[in-house]
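Q: need a 3D model of the following:
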Amino acid sequence: MPDLQRKPTLSRHVWISYLLSIILLGFIWYFQWNIGLVMTLFLAASFYYSIRTERTLLNEAEEYISTLSHRVKKVGEEALLEMPIGIVLYSDDYKIEWANSYINELSAENDPIVGDSLDNLSDKLIPMIKEDKNEGIVEIDGYKFQISLKKEERLLYLFDRTAQTELQTRFHNDQTVLAIIFLDNYEEITQNMDDTAKSQLNSQVTSLLNNWSHENGLYLKRTSQERFLAVGTNKILNQLEQVKFDILDEVRELDNEKNNPVTLSIGVGLGNVALPQLGELAQSSLDLALGRGGDQVAIKDEEGKVRFYGGKTNPMEKRTRVRARVISHALKELVKVSDNVIIMGHKSPDMDSLGAAIGILNIARSNNVEGHIVFDPDDVDTGVYRLVEAIENDEDLWQHFIDPEEAEAITGARSLVVVVDTHRPSMVANQNILKQTEYRVVIDHHRRGEEFIENPTLVYMEPYASSTAELVTELLEYQPKTLKLKMLEATALLAGIIVDTKSFTLRTGSRTFDAASYLRSKGADTVLVQRFMKEDIDLYVKRSKLIERAKVYRKTIAISKANSDETYGPVLIAQAADTLLTMSGITASFVISEREDGRIGISARSLGEVNVQVIMEKMNGGGHLTNAATQIEDTTIDDAAALLKDILDDYYEGREEE
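A: Numbers count the residues shown, from 1 in each chain. Below you'll find the predicted structure:
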């Protein structure tokens, strides 16, 4: 900006022109003085006019700039003090040093807030500053403000985003939500009902659901005898979640001729996606709800996150082809949205655990997702080392076996962890892996114990199945056929079934033979299974010593105690218990020995008359109705045997009283 305090003077080019005019005028005076006089007068008048004109222009410019400067200054003050943007300066101890009038108007009765703590505005401001956040949203007196932080200047800008937030909330609340409602056991309950009773039950369920939909503003349409379609919004869904979907309890309390109550499963799909995708999410959620036993609600969003409500009752055993197909489809959907699949069995894996893990690996690869089996080479029992050797010779299969540390390193938040042949976190190969992801699947044939993997996404537990390998084989039948089941994979699954059924003599149903037939059609080699199951003569002799030490208790129970100076592996004592069970007059067998880790191991077997699972659970173990085990710390073989006998006495006395 020019210096407005200096006096106005002519510009340089004007002075140069006047200087040239004076020189020319001198020549004119020399030759024609009369003309020179006239020209001198003209030049003087011109000089006077130029000085006056320039002075006038400079004065006008000075006045204009002065006025503009004043306006700019005034606008700056207005912007700082009156613009609808909050501005706050704070001290090192988070006290308000200065605030514009916009912020002062937010305080109660418009009292100045200088000197107050930032907490008086919002208790989120100081934590945001301490966490070095440059932006955030806070609520002040019912208004939503976006905060912009300039930490070096200790300056806060507050932009009112109330209208924008309300619009976003309204958009979110009005988003469409689809739900599929399914009557879990409608077919079983109505199977033997007459037309009158069936009609009455239908009327009760329909009336209850219609009233529920009207009260909550849902559109409800019955699409089949056991299926309904509901359409609502996010706002309605939030209301239903607040009451934890109490419709589940209301339907369960309906009276019917049978003691088995009617239960609902609801699959909900939500998110900012197209309607066809919402429908797929709802169906996938329903599959998850049914896979977890029914009588519950599963809600899935477009990111694949799932939350559950209900599941209060113990579901009836319903192992059907339909259930296997539903579980298989739900597992496929979980696999497809995962970054990778981590498969774990229990520690010291047996044939069933390894075979089931290999089957799940095939499911992952069939859906074009990388799969890995957690395998500790230092924790291999003699009962499976021949199978492991065969797997090592198959490079394509062996490359998917990784140690627990490597598995932990590659497990992320979007990994899918599948646990097979156990449901107890203390028994898996690596517990840390379970904590690294929210997506966990449990596939097991043991009865559920008190210890259970926390918040599983999908559970497929069938205590009446022969083995986990049988369950996985049924799941394989409904998977994409993009990857053929290899001979070794099919043989490993068949080996798991044969070992757990003791060559199809225990816990064997028609479904077991169906699974075995399917595996045989895929190339499973029964001769190779026998090679896998062969044992060393030294182990046979060692097991025979355990059998030799067996004593009969309560006429039909065989109990064998190993010598205190000998250790046995879990597979060997399990084999000894199996052998004792084949003896005449024996209905249950227990083998007790010290393990290599110093704990006392007990393996229990029965023909079904004695529930060995209940007995082992009282010793902090678990398992199956006819196949269970436990490991006890800080005890001796004799003390463990005495405790076992006390529990057996209580078990039989309780049955006699009944």
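Q: centroid residue for the protein?
A: Glu438 (3.1 Å; CA atoms, centre = their mean).
Q: how much space between the spatially closest residue to that residue that is not a sequence neighbour and Arg595?
A: Residue nearest to Glu438 in three dimensions, not counting chain neighbours: Ala413, with 7.0 Å by CB to CB, 6 or more residues apart in numbering. Using the backbone N, CA and C atoms, a C-beta is placed for each residue, glycine as well. Counting by CB to CB, to the nearest Å, the gap from Ala413 to Arg595 is 36 Å.
Q: what backbone torsions are found at the residue nearest to Glu438?
A: Taking degrees, to the nearest 10, you get phi -70, psi -30 for the backbone angles of Ala413.
Q: Leu183 too?
A: The phi and psi torsions at Leu183 (degrees, to the nearest 10) take the values phi -80, psi 110.
Q: return the set of residues that bridge with Val374.
A: Ile402 (DSSP bridges).
Q: what about it, neighbour count?
A: Applying other CB atoms under 10 Å, we find 25 other residues in the vicinity of Val374.
Q: didn't it look like it was pressed against Ala407?
A: Yes. Counting by CB atoms under 8 Å, Val374 touches Ala407, with 4.5 Å between them.
Q: one step back: wait, the residue nearest to Glu438 sits on Asn340?
A: No. Ala413 is not in contact with Asn340 according to CB under 8 Å; the separation is 11.6 Å.
Q: neighbour-wise, which of these two wins?
A: Set side by side, Ala413 and Asn340 show more neighbours around Asn340, with 19 against 9, by other CB under 10 Å.
Q: how far away is the residue nearest to Glu438 from Asp339?
A: As defined by CB to CB, Ala413 lies at a distance of 9 Å from Asp339.
Q: do Ser265 as well
A: Counting by CB to CB, the separation of Ser265 from Asp339 is 28 Å.
Q: more neighbours, those two?
A: Under the neighbour definition other CB under 10 Å, Ser265 and Asp339 were set side by side, and Ser265 has more, 28 against 15.
Q: neighbours of Ile391, how many?
A: Counted by other CB under 10 Å, the residues lying close to Ile391 total 21.
Q: tell me which residues touch it, please.
A: 358, 397-398, 401, 488, 492 (CB atoms under 8 Å, 6 or more residues apart in numbering).
Q: same question for Leu387.
A: Leu387 touches 351, 354, 492, 495, 532, counting by CB under 8 Å, 6+ apart.
Q: just to be sure, which of those are found in helices?
A: Restricting the contacts of Leu387 to those inside helices, with DSSP state H as the criterion, leaves 351, 354, 492, 495, 532.
Q: isn't the second one right up against Met344?
A: No. If you go by CB under 8 Å, Leu354 and Met344 don't touch, sitting 11.4 Å apart.
Q: where along the stretch 151-300 of the chain do the strands fall?
A: Shown for the stretch 151-300 of the chain, the strands assigned by DSSP state E, counting those that start in this stretch span residues 155-160, 176-183, 219-224, 227-233, 264-269, 296-300.
Q: mind putting these into JSON lines with mean pLDDT?
A: Compiled in JSON lines, these are given as follows (pLDDT from 0 to 100):
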{"stretch": "strand 155-160", "mean pLDDT": "83"}
{"stretch": "strand 176-183", "mean pLDDT": "93"}
{"stretch": "strand 219-224", "mean pLDDT": "92"}
{"stretch": "strand 227-233", "mean pLDDT": "94"}
{"stretch": "strand 264-269", "mean pLDDT": "92"}
{"stretch": "strand 296-300", "mean pLDDT": "88"}
